[in-house]
Structure formats: structure tokens, C-alpha cells
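S.K.: Provided below are the primary sequence and the corresponding predicted coordinates.
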Amino acid sequence: SVPEHLPEEHADADLVSALPSAPRPNKGLLNLRFYEGIWLPEYFVPAAVALHRRFEPRRDDVIVASFPKCGTTWVNALTFATMARHAYPAAGAGHPLLRLNPHQCIPFLEGLFRSPRGEAKLEALPSPRLMNTHMPLAMVPRAAAPGGGGCKVVYVCREPKDMVVSRWHFHRRLHPELAFADVFESVCSGTVGYGPVWDHILGYWSASTARPDSVLFLRYEELLRDPAEHVRKLARFVGLPFSGIEEDSGVVHDIVKLCSFGHLKNLEANKTGHLNPALPIPRDALFRKGVAGDWVNHMTPDMARRLDEIVADKLHAAGLTF
Ligand code: A3P
């Protein structure tokens, strides 16, 4: 952790440069540093320290958490549309999701914690706040704190082999020369941004089994199978269950439709522009294929078996399987 004797503003550069770094499969990819057992994009290490130390959840906050490429964009959209449905009916022509990318509708915690101004912005947001993070639960320990005092966390995980494929395609938009085998190896070794992925999943899984009222554990593949049922679950979890009138008037269906892959993918806000200056990947990269099982088109059976075994080995004791 951060040496306490260093003033925080001077500690950042020293702290980052003192942390172990990972070999990069590609020079253009973000540098990783090992902090508190997690491989973090170097760019976000000071934010992680600040988050860890200072993030004070409010009881009615909701945080959407995920490992990158596991369905963040979709769950951001669904949670936003569900929580904001009284102000913005999902079938309405003025819905923010029709003109903004889902990531623009929800503040990104580690993005805000990169600066005091961002922190102040978050503090000034009216309740209930909806936020998004890729940080492992260990970095936001007060979010789903035992004994109350925390907030609600919606976690989405995805079959790791499909996550690898999605990740490769995503980063290839910036680095066309990136080899699939290198991305695969980095995930298997754990040296991947916010990784190892199994620790990320385990942290949220354990909290969800211990405190199901605080952490909702969703799976991308199950969302694909029955999005409407998951939207109902999400609404109950955040304390905003659908009324009989809403059910009868098709509100659940409207939310599912608004946030569906085919709909979001074809909106101008998601077809043009880039994610952000730090990650100048075109926004359309967030909407590639949107299916389960695409790994069969990219991995050899040996690769698949190897990753399956690693993941099973790490998650088996917790009773979690993919
Ligand atoms: P693929 O690359 O397999 O298509 P994240 O949002 O965490 O970056 O995850 C991106 C993955 O979620 C991509 O997977 C993307 O296509 C998929 N995705 C994005 N929006 C979706 C939606 N509305 N419904 C289903 N999948 C979606």
C-alpha cells in the first residue's frame, strides 16, 4: 500500500514507478503495474489508491462493476434505463441512450478519481448515484461492506474464453498487429488489466453469496438467454420493482428493446466517435458481435482446455463454474 509518510500529491509518481510492471504483448498497449495483488493499467494506479482510501458510498448508490469485455456497456445501459425510467421512459423519443453512448450516461469511478475535480464532481451528484467501475471489489471495499453502510453493486461476469476473444478484437482496433496468442497468454498468466480475471470474479462472487442484498451477480450468457427476467431482477435489486401497471404496459420490454445489441449498435452515438482520449478506440468497437461461444472460432481445443482448467482450478473451491 502507499507509504503513509509521503504526501499524496508527490506520492503518485514515486508509488507508480516503485511497483512491479508487466511485460507488454504490444508496445502500444497500456502499461500494467502490480498494486495490492492486481495488475492495473498504470494510468489508473493513483486513482485506485484514491478510490481505496476515500470512496464513501451512499446507501442508495448503485455501482455497475465488471471485468472489461464482459458486458459492461449492456449492463450500464440496462441499469441506467431501469433506474431512470420515471424521468426517461424507455420508449420515449428523448431518451439519453438514443443520443449518448451508455458509458457517457454513467460516471466511471476510476476516471473521476484521477483528479480532485472528478472526485468533487462525483460528490456533487444527486442521489441515487449510478456509477461504473472495472476495479476489483478489494479496491472499493466500502461499496458492499458487511454490516450495512455500503451500497449496491451489480456485477456482470462472462465466460472467460469469450472475454479473451472480445478483448483481442477490441484492442486490435488500435493495434491491428496484436496477436491473439499474446492476449490469450496474458489472460492465462493473470497479467492483464484489472486481472487476474479469476480474482476479480471471486471477489464479487464471494460478496454476492455472503451479502446477496448488496451484490447482484449476473452472467452475460444468462442475460442473453432471458434479458427481461434479468431486468426485473435488476429492478427489484435496486429497490425499484416494476408495478403491475408497468408490467401491463410493456415497460420491461421497452427497456430490453432500447438496450438490445441490434438497437444500440445502430445508433449514431455508438457508430461514431471514440471512447476517450486515453483509449482512442472507435465507439463501435463496443458492439462487435454480442453472442456467447465465439471462442470456438478463435481458440484451438488445447487453448480452450488450458484456460478452462486454470479457471476451474481457481474458482472450483468457491462453487463457481462456467
Ligand atoms: P463481443 O466482442 O463478444 O461481441 P464491454 O461492454 O464490457 O466492453 O463488453 C463488450 C462485449 O459486450 C462485446 O462482446 C459486445 O459486443 C457486447 N455487447 C455490447 N453491448 C451489448 C448488448 N446491448 N447486448 C449484448 N451484448 C453486448
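M.R.: On my side now, so go ahead. In this text the structure is predicted, and so the values were computed from the model without any measurement.
S.K.: now the strands for the stretch 151-300 of the chain?
M.R.: In the stretch 151-300 of the chain, the strands defined using DSSP state E, counting those that start in this stretch lie at 152-157, 215-219, 274-276, 279-282.
S.K.: Give me the residues contacting the first one.
M.R.: Same thing as strand 152-157. 61-67, 70-72, 74-75, 79, 137, 143-144, 201, 204-205, 207-208, 213-220, 223, 234, 237-238 (C-beta atoms under 8 Å, 6 or more residues apart in numbering). Where you see a C-beta, it was placed from the backbone N, CA and C, and this is true even at glycine.
S.K.: do the third one as well
M.R.: With C-beta under 8 Å, 6+ apart as the test, strand 274-276 has contacts from 103, 111, 280-283, 285-286.
S.K.: returning to that earlier point: and the buried ones among the contacts of strand 152-157, selectable in ChimeraX?
M.R.: Restricted to buried positions by 16 or more other C-beta atoms under 10 Å, the ChimeraX selection for those reads:
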select :61,62,63,64,65,66,67,70,71,72,74,75,79,137,143,144,201,204,205,207,208,214,215,216,217,218,219,220,223,234,237,238
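S.K.: thinking again about what came up before, are any of the contacts of strand 274-276 buried, and which?
M.R.: 103, 111, 281, 283, 285-286.
S.K.: From what I see, Ala22 and Gly190 are in contact.
M.R.: No - here Ala22 does not reach Gly190: they are 9.3 Å apart, not a contact under C-beta atoms under 8 Å.
S.K.: Common neighbours of the two, please.
M.R.: Trp39.
S.K.: so for stretch 29-38, what's the average pLDDT?
M.R.: Across stretch 29-38, the average pLDDT comes to 89.
S.K.: circling back to that earlier point, report the entries of the contacts of strand 152-157 that also contact the ligand.
M.R.: 66, 70-72, 74 (C-beta under 6 Å from any ligand atom).
S.K.: any idea how far the nearest residue to Pro280 once chain neighbours are set aside is from Pro141?
M.R.: Nearest residue to Pro280, sequence neighbours excluded (C-beta to C-beta, 6 or more residues apart in numbering): His274, at 4.7 Å. Using C-beta to C-beta, to the nearest Å, one obtains 33 Å as the distance from His274 to Pro141.
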